[in-house]
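Novice: Next input, structure requested:
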Amino acid sequence: MKLKVIKCVDPRNPLEVKYRLAPFYSYNIDLDGIAENISRSSSVNKADVLGVIDALKHELCVHLINGGIVLFDGFGSFRLSISSMARNTPEETSLEDVRGSKIIYRPDGGLKEQVCKVKYEKMPYDAFAVEVDGGTKTDVEQLE
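Specialist: Numbers count the residues shown, from 1 in each chain. Predicted structure coming up:
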């Protein structure tokens, strides 16, 4: 994976400039592209792959909404989390205290191991610093 150098400015001390490494994202892939790749490497056609993925998304939502933790062996687990207001007593809590929800994903140990084997390559600082109309292009836009 390629890493780019980015400039960091401390908001508390704007005169102090530092640099750090960050991922350089070289492409986007959507569900259609992933289904195409799976179809080429298996005996399942693309339409069936997309159908299974769609059914999987539906099942994931159903179980999360019903309070389940969804476990995919070799991939990881998904669970729903909420944020809510804190109250002084249990009696003071109410459903109106819920501020929002989010999905928490925790990768499986095997998946973490595979991703941790990534080899990094540092890009030169000016390789990605392309200014366009007063702003910087995103990683993928620069490649187009």
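
Novice: OK, contacts around the residue most central in space within the chain?
Specialist: Closest residue to the average C-alpha location of the chain: Y105 at 9.3 Å, with Cα atoms, centre = their mean. Y105 is in contact with 76-78, counting by Cβ atoms under 8 Å, 6 or more residues apart in numbering. C-betas here are computed from N, CA, C, even on glycine.

Novice: low-confidence ranges in this structure?
Specialist: 126-144 (pLDDT under 70).

Novice: Strands of that one, start to end?
Specialist: Using DSSP state E, the strands of the chain run over 2-10, 13-23, 70-72, 76-84, 98-107, 121-122, 131-132, 135-136.

Novice: the longest helix in the chain is where?
Specialist: helix 46-65 (DSSP state H).

Novice: one step back: neighbour-wise, give me the winner out of the contacts of Y105.
Specialist: Each of these was scored for neighbours by other Cβ atoms under 10 Å, and F78 scores highest at 18 neighbours.

Novice: coming back round to it: buried residues in the longest helix of the chain, which are they?
Specialist: Neighbour-count burial for helix 46-65 flags 49-50, 63-64 (criterion: 16 or more other Cβ atoms under 10 Å).

Novice: same thing with stretch 70-79?
Specialist: 70, 76, 78-79.

Novice: and for that stretch, what are the contacting residues?
Specialist: 59-60, 63-64, 68-69, 103-108, 110-111.
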